[in-house]
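*Asks:* got a structure for you, letters missing:
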């Protein structure tokens, strides 16, 4: 009898409801059909024409949204606030940037086989870190492996030592700051404070074309959708519920026989790798990567998107990334000097009045939740 | 070897076997008990009839001895109440058993083979020790059902959790426990919305889901109504026998109910055992009266 009455409780395994799938399908159509259509097919003077600027901007925000989603998994669901996710994003960006630098070939200012900054530094050959930079596949693997490995080693030591809460946040902040200082040095071999720029082509195709811009936009959008569905599957699984249990009462989780280390480490590494993918998609679209992306402020911003949108909702941080960055580009165009004031006011307002973020405003209150 | 010698050997062996059989029939844990069996990894050996054996445990925090050469034995299936004034070391003792605190000296064994001091908190839970905290600790943002589901005995590894699906038998088990802890109508509610007493029950339910061999219960009826306390006592008495229970409690009425006038209680004071015996005896014990009433 009890299994009959409880049967509905066990049905939570479903990825999305019919409405959820409809929204996903609509988003997919928007990304793959509507935006490319409005941008490429309609002539520039048409009222519905979507300018290249907006395609580029939206593509950039889609990358940010991936970061916010990754942040939600580790912060919203597992309760571990990382203030160093910008590092993983930047490392992914650098991985892709190295490949793009090599693709410039002899078209740089110095007409050399080496990237311009190396010629400038009077280097005669590529450093060992660049040994596979000619291969797209190898660099894409590095985009995943380097941040993944760094997260694994860092996370293993931090979680094994049971570093939690604000202490963990601070050392992640220190980690990205240290990396930024390292990348600022020319000797590190990644272009110093200028980073990489002046990219010409990817896989032999020129980068600065309308078609390439739309293609990168579509790939980024589909990646975000894919990551969203993956994250949904994760948080709907028992694994996802263990993560939330770790967030709510970690000692209880331990005394129930789970080893939190494996759970925290796995979601931490996954989250870092998602950020790295976002960085790799970001660089060809904006055409530059430099150590500024590793600045502490950049990492804090990721956390802000998640908080503004609504933690532990998956969709919230995506909305938050769009909201904050949309507001940022509008404000910096309309009232450039007031942007920081607005940002400050936004955080105060969200902290005071919207503890559940934007999503909390619209979400129908769950039954029994007062 | 002569036939006489061989016959003599056979006769002696037989006599020894008879002697051992006679011994183990009369007392639990005779010499035959652990003879010729292989200790299995992670499976406690209860053949000696002892579930928990703490020997000479000392824990000090900055010179203050929270536990001072504490020695305590709990038998298999026994329900043992532990009382003592505040700061007597009751919670520290539980911390030592569950791996939260490492003692400075002494030993702690679960069954005869498992050395608790060498295991992590999670491993200790996996070999079969469940613990209820003084302050009810449940996963507030998960439903009652999900709280129980996570506690369900089973593979605790990441991969298993990723692909886990509840079987019919597991659903039945969750239903059974929901009925036992009287939370069936609340199954879908968030645990954070339960009353204090209900949270206590939920945490006890989570322990039951783990199916531990030894339950450590730190003030399980704190904040419960009289009726809830009554029910809790009934539940614990039902668990006695199948599980070993260690109950730390201040509520003497509850302790009286649990011991039913015939079970041993242990009085802790300043980190060691002050007295052990029937509740009415220890209540009349001069030393105990002095500790409790300060006379």
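*Replies:* Nice, thanks for sending it over. None of the values given here were measured: they were computed from a predicted structure.

*Asks:* Roughly how far does the spatially most central residue of chain A sit from residue A:331?
*Replies:* Chain A has residue A:67 as the residue nearest its centroid, 2.0 Å off, counting by CA atoms, centre = their mean. Separation of residue A:67 from residue A:331 (CB to CB, to the nearest Å): 21 Å. Every C-beta, even on glycine, is put in place using the N, C-alpha and C of the backbone.

*Asks:* what's the answer for residue A:166, then?
*Replies:* Residue A:166 is 30 Å from residue A:331, by CB to CB.

*Asks:* wait, isn't residue B:108 in contact with residue B:53?
*Replies:* Yes. Residue B:108 lies in contact with residue B:53 (CB atoms under 8 Å); the separation is 7.3 Å.

*Asks:* Compare the two (neighbour count), which wins?
*Replies:* Taking neighbours as other CB atoms under 10 Å in any protein chain shown, residue B:108 and residue B:53 compare with residue B:108 leading, 24 against 18.

*Asks:* For that one, which non-adjacent residue is spatially closest?
*Replies:* In space, and not counting its chain neighbours, residue B:108 is closest to residue B:116: 4.2 Å by CB to CB, 6 or more residues apart in numbering or on different chains.

*Asks:* Then residue A:360?
*Replies:* For residue A:360, the spatially nearest residue (CB to CB, 6+ apart) is residue A:310, at 5.3 Å.

*Asks:* need the contact list for the one you found.
*Replies:* Counting by CB atoms under 8 Å, 6 or more residues apart in numbering or on different chains, residue A:310 touches A:316, A:317, A:319, A:320, A:354, A:356, A:357, A:358, A:359, A:360, A:363.

*Asks:* any idea which helix or strand carries the second one?
*Replies:* Right, the one you point to is residue A:317. helix A:315-334 (DSSP states H and E).

*Asks:* Buried residues of that helix, list them for me.
*Replies:* A:315-325, A:328, A:331 (16 or more other CB atoms under 10 Å in any protein chain shown).

*Asks:* likewise stretch B:215-234?
*Replies:* So stretch B:215-234, judged by 16+ other CB under 10 Å, has buried residues B:215-222, B:224, B:228-229, B:231-233.

*Asks:* Check stretch A:296-307 too.
*Replies:* Buried-residue list, stretch A:296-307, by 16+ other CB under 10 Å: A:296, A:298, A:299, A:300, A:301, A:302, A:303, A:304, A:305, A:306, A:307.

*Asks:* With stretch A:99-115 instead?
*Replies:* Buried residues in stretch A:99-115 (16+ other CB under 10 Å): A:99, A:100, A:101, A:102, A:103, A:104, A:108, A:114, A:115.

*Asks:* before we move on, what about stretch A:354-364?
*Replies:* In stretch A:354-364, counting by 16+ other CB under 10 Å, buried: A:354, A:356, A:357, A:358, A:359, A:360.

*Asks:* from those, which is closest to residue B:92?
*Replies:* residue A:356 (39.1 Å; CB to CB).

*Asks:* Can you find the helix or strand in the chain with the smallest mean pLDDT?
*Replies:* Chain wasn't specified; assuming chain A. helix A:2-6 (a mean of 53; mean pLDDT, DSSP states H and E).

*Asks:* Beyond that one, next helix or strand please.
*Replies:* helix A:18-29.

*Asks:* Would you confirm that residue B:108 belongs to a strand?
*Replies:* Yes. Under DSSP: H, G, I helix; E, B strand; the rest coil, residue B:108 falls within a strand.

*Asks:* so what's it up against?
*Replies:* Residue B:108 neighbours (CB under 8 Å, 6+ apart): B:52, B:53, B:54, B:55, B:57, B:96, B:97, B:115, B:116, B:117.

*Asks:* Neighbour-wise, which one of those leads?
*Replies:* Greatest neighbour count in these, by other CB under 10 Å, goes to residue B:57: 27 neighbours.
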